[in-house]
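S.K.: Predicted model, plus sequence, below.
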Amino acid sequence: MFYYKQKILFFYITPRSLNCFIFMKKEVCTMSIAKRKNLVSRSMYKYKCPYKMEPNTITIHNTDNNASAFSEVAYMRRNTHLTSFHWAVDEKEAVQGIPTTRNAWHSGDGNGDGNRKSISVEICRSTGSLSVFKKCEKNAAIFVAELLHHRNWGVDRLRRHYDWSGKDCPHMTMKLGWLRFVNMVQEELYKLDDIKVVTKKTYPRKKNNLLSKKYSPLKVGTKVHVYKETKHWSYTNYKWIFKKRLK
Ligand SMILES: [Zn+2]
């Protein structure tokens, strides 16, 4: 038992585990929005998300009411209206109602790219107190930046409900300034992006070892997004790259 405790102590003080710890801390710092799922049941797919989807944009909405994210999703889950959305964000958390691999009916554009190829994010409490709404918006900016970052997308992928069908939505976000919100997302995205440059021609690998499958080489000067690191390897948007080849 004593030996076991010593091992644990040893684990915490090795430089490698220190790296890990720093990495974990960084993740905790940036992944700061609490998320939970409350997905529609499969029997409701026919009303809420009948089609498979490969998304290429993110559409921002305001709920036009004062309900919490959880209530908003709970309501969507239990009715059979042909309206639905993927995520709702309030001052506390982001709640998912529809998998992002399926469509949702949120854009008012029929079978257009809004309803069929866009991830919808509802920002809650747009008719309540302005200070609470601004907290919801701030959380949404952080959350949307995470969605973009995860797909290696930029803010050019953001759309308003208005862009698809001319509806005054996201009404409060637009009233306060759409570009202001896009800039908020960009600021959060900058915090998440750890961009490095290839300093010597290198072959990305499927796994973090030199025997694993090799992909097409990257030229000197190629910018890569680093998502996580081990002692010798960086995991990037091109898969694993030997750390010494990046700066
Ligand atoms: Zn909308």
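M.R.: On my side now, so go ahead. Numbers count the residues shown, from 1 in each chain.

S.K.: List the contacts of the residue most central in space within the chain.
M.R.: For the chain, the residue nearest the mean C-alpha position is Leu147 (1.7 Å; C-alpha atoms, centre = their mean). Applying C-beta atoms under 8 Å, 6 or more residues apart in numbering to Leu147 gives the contacts Ile58, Ile119, Val121, Trp153. Backbone N, C-alpha and C define where each C-beta goes, glycine included.

S.K.: swap the cut-off to 10 Å and go again
M.R.: The contact partners of Leu147, by C-beta atoms under 10 Å, 6 or more residues apart in numbering, come to Pro55, Ile58, His86, Trp87, Ala94, Thr100, Ile119, Val121, Trp153, Arg157, Leu158, Val185.

S.K.: name the element it belongs to?
M.R.: In this assignment (DSSP states H and E), Leu147 forms part of helix 130-151.

S.K.: Please identify the buried residues of that helix?
M.R.: 133, 136-149 (16 or more other C-beta atoms under 10 Å).

S.K.: okay, that helix in PDB with CA atoms only?
M.R.: This file holds the C-alpha atoms of helix 130-151, laid out as PDB (Å, rounded to 0.1, in the frame of the first residue of the first chain):
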ATOM      1  CA  LEU A 130     -30.200  42.700 -20.700                       C
ATOM      2  CA  SER A 131     -27.400  41.900 -18.300                       C
ATOM      3  CA  VAL A 132     -28.500  38.200 -18.100                       C
ATOM      4  CA  PHE A 133     -28.800  38.100 -21.900                       C
ATOM      5  CA  LYS A 134     -25.300  39.400 -22.300                       C
ATOM      6  CA  LYS A 135     -24.000  36.600 -20.100                       C
ATOM      7  CA  CYS A 136     -25.900  34.100 -22.300                       C
ATOM      8  CA  GLU A 137     -24.300  35.800 -25.400                       C
ATOM      9  CA  LYS A 138     -20.800  35.700 -23.900                       C
ATOM     10  CA  ASN A 139     -21.300  31.900 -23.100                       C
ATOM     11  CA  ALA A 140     -22.600  31.400 -26.700                       C
ATOM     12  CA  ALA A 141     -19.500  33.200 -28.100                       C
ATOM     13  CA  ILE A 142     -17.200  30.800 -26.100                       C
ATOM     14  CA  PHE A 143     -19.300  27.800 -27.100                       C
ATOM     15  CA  VAL A 144     -19.500  28.700 -30.800                       C
ATOM     16  CA  ALA A 145     -15.700  29.300 -30.800                       C
ATOM     17  CA  GLU A 146     -15.300  25.800 -29.500                       C
ATOM     18  CA  LEU A 147     -17.600  24.400 -32.200                       C
ATOM     19  CA  LEU A 148     -15.600  26.200 -34.900                       C
ATOM     20  CA  HIS A 149     -12.300  25.300 -33.500                       C
ATOM     21  CA  HIS A 150     -13.200  21.600 -33.300                       C
ATOM     22  CA  ARG A 151     -14.000  21.600 -37.000                       C
END
